[in-house]
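Trainee: Just need the structure, nothing else, for what follows:
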Amino acid sequence: MGGRAVEAGSGHPRLGELVAGALPEFVAAVDARALTTLAARNDAESRIVERSRGKWETQHGPFKKIATRKDNWTLLVSGVNWHVSRAEALLRRFDFVPQARLDDVMVSYATPGGGVGPHVDSYDVFLLQGPGRRRWRVAQKTYVAAPGDLLYVPPGWQHDGVALEPCLTYSVGFRAPRGAELAAAFLDWLHRRGLPDAEYRDSQLQPAKSNAKVPGQMIDFADAVLRKIAWSRSDVARFLGEYLTEPKPHVLFIPGKRTPTLKNGEIRLDAKTQLLYRGARFFINGESFVAAKRDTAPLKELAERRRLPASRLARLAGLIRQWQAAGYLRLEK
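Mentor: Here you go, the predicted structure:
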């Protein structure tokens, strides 16, 4: 499954258009049974959407047991690429998109009439059709997606997919943090690193003439404290890198066994690991550090390729063993 997704087939996906046969050789990463098994796990985010009497009803997993329905039913599982290597390989075919923007692969299995209803996403999404057919309505256009077809839907475009027969659809979503979300997370990040702290005191408190009025002295105090909050562009870059690589709450890493040497084999990042960089600072799963100048090249190569001969990282054996113990990567012979 090597190569870029948009380089195969009949052309490049345009806004809201279907590229027929974009991935003609695509082999489904999971089937309905495997997706059901994933939906039972605590470290997988899943939901069931069912249309009943013209209304959409949603249940959230994990689902220890799923009662199958014949029609109007959909099972969706997010982060399938963290558990299934073929789904991870599919995600990496979109390497023309910065890793900081790529989210995960969500897979849905739908029976005839199944879907999630018309909706609008705040982020870009590529929709790759697996086995079965699905009818898509995007804006004012209607398409029927067959296996291997690819549909690109930009942010803010209403779309609705309905299964025409039992089918699997792969959704590759992009990360698009909102301004308010970023601001709240950044202030929390600053707080953990020590925001200015002070306690208010009334040095010459006098009897209040209007006791419901907010005292000017308190406003002056708050204004002086808040004006001391300051940050630089490098602070923002560090925050963003750590924020973008922070694992989702339900993501679990399985500790690995430490290896005595890094002379042979290949280092591979775990599918759940996000390794990004900016200059000499590297970000991995919500943490960051500054690498020595001589070590930046192999670390950047590992971040870009997600795999590297172990010998290339021998000088960083201590760090690699630390990541290996945390489950961030593994050594393959």
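Trainee: Output the below-cut-off pLDDT ranges for the protein.
Mentor: Residues of the chain meeting the criterion pLDDT under 70: 1-16, 196-200, 205-206, 208, 260.
Trainee: Tell me where it has helices.
Mentor: With DSSP state H as the criterion, the chain has helices at 32-39, 85-92, 179-192, 216-227, 233-245, 296-305, 317-326.
Trainee: So this protein: which segments form each domain?
Mentor: 5-174, 178-200+214-230, 245-332 (automatic domain parsing).
Trainee: hmm, back to that, quick one: closest of the helices of the chain to residue 275.
Mentor: With CB to CB, the closest approach to residue 275 among the helices of the chain belongs to helix 296-305: 4.4 Å. Any C-beta I mention is one placed from the backbone N, CA and C, and that applies to glycine too.
Trainee: Identify the residues contacting the closest one?
Mentor: With CB atoms under 8 Å, 6 or more residues apart in numbering as the contact definition, helix 296-305 has outside contacts at 99, 267, 269, 275-277, 280, 282, 291, 308, 312-313, 315-316.
Trainee: what's the distance between the residue nearest the centre of the chain and residue 84?
Mentor: The structure's the chain has its C-alpha centroid closest to residue 103; by CA atoms, centre = their mean the separation is 2.8 Å. Per CB to CB, to the nearest Å, residue 103 is found 16 Å from residue 84.
Trainee: same question, residue 64
Mentor: When residue 64 is compared with residue 84 (using CB to CB), they lie 20 Å apart.
Trainee: higher neighbour count, these two?
Mentor: residue 84 (20 against 8; other CB atoms under 10 Å).
Trainee: What is the burial count for residue 31?
Mentor: 14.
Trainee: scratch that, residue 251 is what I was asking about
Mentor: 15.
Trainee: which residues touch the residue nearest to it when sequence neighbours are not counted?
Mentor: Nearest residue to residue 251, sequence neighbours excluded (CB to CB, 6 or more residues apart in numbering): residue 272, at 5.3 Å. By CB under 8 Å, 6+ apart, the residues touching residue 272 are 79, 82, 247, 251, 253.
Trainee: quick check, nearest of the residues you listed to residue 138?
Mentor: Nearest to residue 138, judged by CB to CB, of those is residue 79 at 24.8 Å.
Trainee: In contact with that closest one, which residues?
Mentor: 44, 45, 104, 105, 106, 248, 251, 272.
Trainee: ok, the fifth one - contacts?
Mentor: The neighbours of residue 106, taking CB under 8 Å, 6+ apart as the test, are 76, 77, 78, 79, 80, 170, 171, 173.
Trainee: Just send the residues you listed back as TSV, with distance to residue 68 too.
Mentor: Output for those, formatted as TSV (distance: CB to CB, whole Å):
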residue	distance to residue 68
76	15
77	16
78	21
79	23
80	20
170	21
171	22
173	27
